[in-house]
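Colleague: everything below, folded, please.
(chains A and B)
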Amino acid sequence: MNINELTQMVNRVTAATAGDGADTAVSDIETVQIVSFLLDDVEYGINILRVHEIIRMPEITRLPNTPEYIKGVINLRGSVIPVVDVRIRFGLPQGNITDLTRVIVVETGEKLVGLLVDSVYQVIRMPGRNIDPPADLIEGISDEFINGIGRVSGRLVVILNLDNILFSRSNEEKTAYGYGYM
Amino acid sequence: MTFSLGEYQDIFLEEADEQLQELNQNLLELEKNPDDIDIINNIFRAAHSLKSSAAFVGLNDLSDLAHKMENLLQGIRDRTMQVTPAIVDVLFSCFDVISSVIDTVGSGKQPDQDLSEIIARIREIGEATAGTPPAERPAKAAPESDKIPRTVLSAAQMRQVRDGLEGGMSCCEVIVFIEPTAQMKWIKAQLVQANLEKITAIVTMMPPLDALRENNESDVFKMVILTTATVEDVRRACEVDQVIRIDLKKISLSKKNDKTVLKFHEKETLYSEETGAGENPADYLAEKETDDDEEEEYKIETIRKKGERKTTAIKIVKVSVDKLDLLLNNVGELVIANSGFFRLYEEMRKANFDKAVTNEFKNRMDQMSRIAKDLQGGIMKTRMVPVGQVFSRFNRLVRDLAKEFGKLVTLQIKGEETELDKKVIDAIGEPLMHLIRNAIDHGVETAEERRKLGKPDVSTVALNAYQSGNQIFVEVSDDGRGLNASRIKKKVLEKGLASPEMLANMDNEEVYNFIYNPGFSTTDVVTDISGRGVGMNVVKEIVAELNGNVSIETEPGMGTRFLLSFPLTLAIIPAIMVKVRHELYAIPLSDVIETIKISFGDITTIEGHEVINLRGEILSLLRLNEFVGTESGIEDDRKVPVVVVGYGNRKIGLIVDHLEGKQEIVIKSLDQNYATVEGLSGASILGDGSICLILDIASMINRVIADQDRLSRIQRQRVVERKSAQVEEISDITDLQRSAAERREKELGVGVAKHETAAPAPRAKEEPSPSEASRSGKPAVEKIKEDIVFERRDAISVAPSKADSTPVPAESAVPVKPPSKAGEDESVIEAKVRDVLRSFKDELKDSIRSAVERGEPDDHIKKSLGINEEDMEHVQVLANVGITNAAESLSKILGKQIDLSIPTVELLPVEKVPGTFGEVDNVYIGVYMPLVGDIKGTILFGLAEEAGFELIDMLYGTESGKTHDLDEDGESALKEVTNIVGSSVVNVISEKTGIAIKPTVPTIVHDFMQSILDSILVLHNISNDYVLVMDTEFYYQNDRVIGKLMVLPETESLKKIVEKLR
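Modeller: Down below sits the predicted model:
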C-alpha cells in the first residue's frame, strides 16, 4: 500500500468531513480508547486494549534473515519480542531515533510485538460510531493495516489493524523468508 | 474439527496412560508367572480403573471393553480359568485396542475403532477356557465380600419401594465405605443416616446401626433409600469425615415375565458429581434377594484402589511443563537481575560507602544469589523424570519382535531410576525403538546360530541409563553379531557416498558413522521392522535435536552398543560465543567439534563454494557474516577463526570474526513472539540484559550440504589430494600472522630470505612451476570467466595469466612483478598485491568486453596463440586422416564395420566445452589418455552417458539400450575405442609433424563434464584454457553415436604442432 496516497486521501476526507457530525451512522455507541502516534503528518491509532505497554527505545538486537521491517528483537523483562519498524512496514522512509522514539508493545494473536514509532501522541476517547470502515474512504488501497478511520474533533485517525503487522496476510511472507535464503 | 472429552480429557488421558503402562507391565509379568495372583490383581485393578474413567468421560465402548476384560480376569482370579498363552494374547490385544483408542482421543479425534471384534474374542476365549462356566456364580468368594451386607428387603419394604417409585421418587442403594482404621465407625454411620434422613426416606439399613455399634470391624454399610433429591445431594449427605467411598446403585422397576421386579443398576461411584443419567444399563437383572457376588467383589477391589489413590494424590501434584518453563524463566530473570547488584556493589565500594553497609549489602546479595541458584536448581530438577517409564515400554516391543523373528531375546533394563529432562524423556522413545528394532532384527542371531557360535541360546538386548558428570548416558546394547565394517564399506561404495581412497583412510569408527546416512541399510532384505535405512538417520536427528550425541561401539561377534548422551538439562546449555562485527552469536557447544584458525590462502573455491582441506578431509566453509547478512570485520591478511561444527555426520567450518569465549546460556524461543527464523534456534538473554541469538547449526549445515552435494566426486578428490591446510591453534595468533605474510611473499615471488620457514602453500598443484613462471611473459591465455575453473582471487594466478597478447595492450603492459625487496614492510606488499589484483581484474573486464564487441569470442584464443585460419585447416586435415585411420583399425579389431564421420575441428575455450555437450548438469563418460613425449597434453574422448552406453552396445553387438551401467566390460570397450581413435589421431600428428608423441593408458571418468575437464587439468598440470575439439560420429549398421574427441595440448606443444605444420 502506498502511504502517500493514503495521506492525501485522508487529508481530502478531513477537509470534506470537517465539522460533519454523524453522516455515516454506525449503531455502535460504545466508547473506544485509542493510543495514537504520528508518522509524518498522519495520526495512527491502536485500540488501547491491544496495547501491552509503551517503552522507551531499548537496545535492539538485529535479527538476520528476516524482512527489513523487522528491526530486531528486544528483551522485555525476560521475553524476547520482535520490534517492527512501522515506518518501513508502511513504506515510509526510515526515521531517526530521537528522545521521543517509543516502542509500543502490542498483542497480536498470542504474540507480543513491539512497534517502533517516532513518538506517541495521545490517548483519544471516541464513540465507536465515529469510526468508519476503511472501504468507505479509501478505494483501491490495500486495507491490510487499516481497521477504520476515526473522526475526532475534525481530525482523522487511521485505526490500525495489528493482525498483519508482523506477517503479511496468510503466512506467505513468513514462508518466503524462511526459505528465501537458500 | 477436534474431538474432545471436555474438561476432564487431560486428566483422563494422563490416568489412562498410567493404567496402560501398568497393564502392559503386568501382562508381561503374567506371561512369565501365570500363577501369580498379585499380577492378576494388578491387571484387574488397571482394567477396572480404566473402565471407570472411560465411562466417566463418556467413552462407553471402551468402558465396556474394560468391563469384559475384568470378567475374563475374574475367572482367572477365581481359579476357574487357567492363564493360557491364548488368554495373554487376548489381553495384549485388548491392551493394543485400548491404547489405540486412547491415542486417537489424545490426538483430538473421535475414536472409531471397532471394539466388537475384540469383545467377541474375549467372550470366545472365556467360554473356551472355562468350559462349563462356573465363573458366572463363583462359589467361593473372597472373605472380604462378606463385609458388604446383602440386600434383603422384606415384603413391606418391597412395597414401600414400589410405591415410592411409582410415586415418582427414585430409589437407590447407597453403599458407604468407612476408613478401616477409623474409630467408632458406627458414629459415622449414624451421621450419614441422620444426614440422609433429612432428604430421603430410608427404607432399610444394613447392617442395622446397633449391629455396627457392637462391631467396630465392619466398615461398610448400605442403605436403601427413596428420595427426590439429586444424586449430588445424596453424595453430600453421605460424605462425612473418614468415608472413603460411596457407591450408589439405582433401583428401578422392571417387568419380567409379567412380574414387577426391582432392577438394580450398575453401581456408580459418587466421589464426584453424577456421571450422567441413563448410561450403561446393568448387565444383569437382579432379583431383589439375589445380590450379585461378582459385583461385590469389584467393590472390594476398588476400595483398595481408592485408598491407594488417596495417599498418592497427596504426595504428587501434576504440573504442566509449560508452567515449569515459565517459572524457570522467572528464575533466570532473577539470576540476571541479581547480577545487577554485583555491579552496584562494586560501585558502592569505589564510592567509599560506609564499610559496614557495603559489607552487609554484600552478605545479603550473596545470600540472595545462593537462594536464586537453589531455586533454579530445584526447578530444573522438577523437570527431571525417571527414564524407567520409557524403558518399560520396550518389554512388549522386544517380546513381539523376538516372536516375529523367531529369536530368543530378553530385555535387560538397568538404571531406570536415572532422571532425564522431561523433554528428552518424551522424545527418546522413538530413537530407542529404532535401536532396539535394529538390535533384534540385525544385531542378534537366531538361537541356532548362537549355539553354533557357542553363545547362550537366549540373546540379550540391554537398556541402561546412568549419569556421568554433566551428561546423561542411555545405552542400547546387544550381544549379537556386531556391525560389519566391510559390509558397510561395500554399501558405501555402492551408494557412492565415498571413494575407495577415502574409505581406505578411514578407521572403522568413521566407517560406522555411515549408517546414519539417510537410506543407508546393509541388509538386502527389507522387513517391515527395519532395513529401510530410515532408522539410524532418525536416531541421529532426534538425538541431535536434544543436543545429544550418539556413538557406536561394536565388536564383531560380540555385539554392538549404542551410547546416547544428553546434557543434564536442556534449558541451560553451554555455548561458544562468537562475534561478527559487533554482533554476538552463540553456538551450542554440543554442536562444536573444534575451533581452528586458518588463513585465506588455504581456502579453495569450487563452483563458488569455499572449502579447505582439513587434515585430508574436505571441509566446506560458511562465512557467518554472509549468513547473517552483514559485513565482515576480518582483514584479508589475517588468520581467521573457524568454528568447526557438526550435525549428524556432516560438518562445516564457520568463519567468524572473533571468538568471545564460552558461556552458559538459557534458550528462549523466537517463535513464541515471532516466528522461526532460518538459521537461528532461539535467543538468549545475557547477564547485562542484552539479547544474543543462538545459531541453528543443523539448518546451516543442511544449507551448505545442499551445495556440497553438488560437488562431484572428482572435485572432492582434487581437494583431498591437495596438501592439508595449515590449521593452527588459536593461541598462536601472532606466529600465524607472520607465517601467513611470509607465504604471501613467497607466492608473489618476492625473494625473501626467510621464506624457507614458510609452510608450503596448499595450492601447489595450481601454482605454476618455476619453469612456467619464467614463461609467464610469453603467450598466455585469456580467462573469460573468472571463477570457472579455479579461484582467481589469489594474486598467484595473476602472474601466468598476465598476457601481453590480451586485447588491451596498455593495461597488459603493466609489469606484473612487484619490486622484490627483502624485508619489505608487510603492509607495503599487501598494497602492491591489491594493486596487481585490481589491474588484473580491470584487464580481465576489458578483454571480456573487447571479445564480446568483436562478436567472435573465440578468435582471441587463436590470436593469442598465434594460430590463424590456415593453421586450423592443417589441423583439420590431420584430424581427417587420423579419424580415417581410426575407423579402419576399429573395424579391423572389432571385426565389425564401424564408420566414423569426418570431424569438425574447433578450438574452444575450456569453459565452453561442457556447453557443446549439451546439458551442463548431465553426467558424461570421459576417457582420457595422457600424452607423453615431445608433445605434452591429453586426449579426451567424451560421450554423453547414454551415448556411451549405446556405443558399448554397438561394440559388443548387443541390443541397443541394453547397457544401463558402466561395468568393467563397458569400461574396457570404451578405453579400447579411445585408444584406437586417439592413437590414430596422435600417430598422424606425430607422422606429419615429426614430433615424437606417445599416448599412454586411458582412464575412465564418469562425471559431470566440468569435473572431467577439471580432473584432467589438475592431474596433468595443464594450465591452458582451450581445447581442440573434434566432433566424431560412430556409425554401426543403422545406429549412430556421437562423441567428441578432444585434444588438450600444452600451450608450448600446440605452438610446436602448428609451427611444424606450416
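Colleague: and the residue positioned nearest the centre of chain A, backbone torsions?
Modeller: What sits nearest the mean C-alpha location of chain A, by Cα atoms, centre = their mean, is residue A:160, with 4.3 Å. With angles defined as degrees, to the nearest 10, residue A:160 sits at phi -90, psi 150.
Colleague: hmm, it is touching residue A:147, no?
Modeller: Yes. The pair residue A:160 / residue A:147 is scored as a contact, 6.4 Å apart, by Cβ atoms under 8 Å. C-beta here means a position set from N, CA and C on the backbone, and glycine is covered the same way.
Colleague: what's the separation between the residue nearest to the centre of chain A and residue A:128?
Modeller: The spacing between residue A:160 and residue A:128, counted by Cβ to Cβ, to the nearest Å, is 16 Å.
Colleague: could you do residue B:1001 as well?
Modeller: Distance from residue B:1001 to residue A:128, counting by Cβ to Cβ: 90 Å.
Colleague: quick one: which of those two has more around it?
Modeller: Neighbour count, other Cβ atoms under 10 Å in any protein chain shown: between residue B:1001 and residue A:128, residue A:128 has more, with 14 against 8.
Colleague: what's the spacing between that one and chain B?
Modeller: Per Cβ to the nearest Cβ, to the nearest Å, residue A:128 is found 29 Å from chain B.
Colleague: that residue contacts residue A:31, doesn't it?
Modeller: Yes. At 7.1 Å, residue A:128 counts as touching residue A:31 under the criterion of Cβ under 8 Å.
Colleague: can you list the residue ranges for helices in chain A?
Modeller: A:3-17, A:86-89, A:134-137, A:172-180 (DSSP state H).
Colleague: worst mean pLDDT among those?
Modeller: Lowest mean pLDDT within the helices of chain A: helix A:172-180, a mean of 38.
Colleague: now residue A:166: phi and psi?
Modeller: Note on residue A:166: backbone dihedrals following degrees, to the nearest 10 are phi -90, psi -40.
Colleague: so what's the nearest residue in space to it that is not next to it in sequence bridging to?
Modeller: With sequence-adjacent residues excluded and distances taken as Cβ to Cβ, 6 or more residues apart in numbering or on different chains, residue A:166 is closest to residue A:113, at 5.2 Å. Beta-bridge partners recorded for residue A:113 (DSSP bridges): residue A:106.
Colleague: end to end, how far does stretch B:215-223 reach?
Modeller: From its first residue to its last, stretch B:215-223 covers 18 Å (Cα to Cα, to the nearest Å).
Colleague: which positions in that stretch come out as buried?
Modeller: B:218-223 (16 or more other Cβ atoms under 10 Å in any protein chain shown).
Colleague: adding pLDDT, write those residues out as TSV.
Modeller: Putting the buried residues of stretch B:215-223 into TSV (pLDDT from 0 to 100) gives the following:
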residue	pLDDT
B:218	71
B:219	75
B:220	79
B:221	79
B:222	79
B:223	80
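Colleague: now, the residues you listed that are in strands?
Modeller: Here DSSP state E is the test, and the buried residues of stretch B:215-223 give B:220-223 as lying in strands.
Colleague: let's have those residues in a markdown table, adding distance to residue B:439.
Modeller: Formatted as a markdown table, these follow (distance: Cβ to Cβ, whole Å):
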| residue | distance to residue B:439 |
| --- | --- |
| B:220 | 52 |
| B:221 | 57 |
| B:222 | 56 |
| B:223 | 60 |
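Colleague: most widely separated two among those?
Modeller: Using Cβ to Cβ, the pair of those lying farthest apart is B:220 and B:223, separated by 11.3 Å.
Colleague: list residues touching both of the two?
Modeller: residue B:176 (Cβ atoms under 8 Å, 6 or more residues apart in numbering or on different chains).
Colleague: low-confidence stretches in the stretch 51-200 of chain B?
Modeller: Flagging of the stretch 51-200 of chain B using pLDDT under 70 yields the residue ranges B:127-152, B:182-184.
Colleague: all helices of it, in order?
Modeller: Ranges of helices in the stretch 51-200 of chain B, per DSSP state H, counting those that start in this stretch, are B:60-77, B:85-106, B:116-130, B:155-166, B:185-199.
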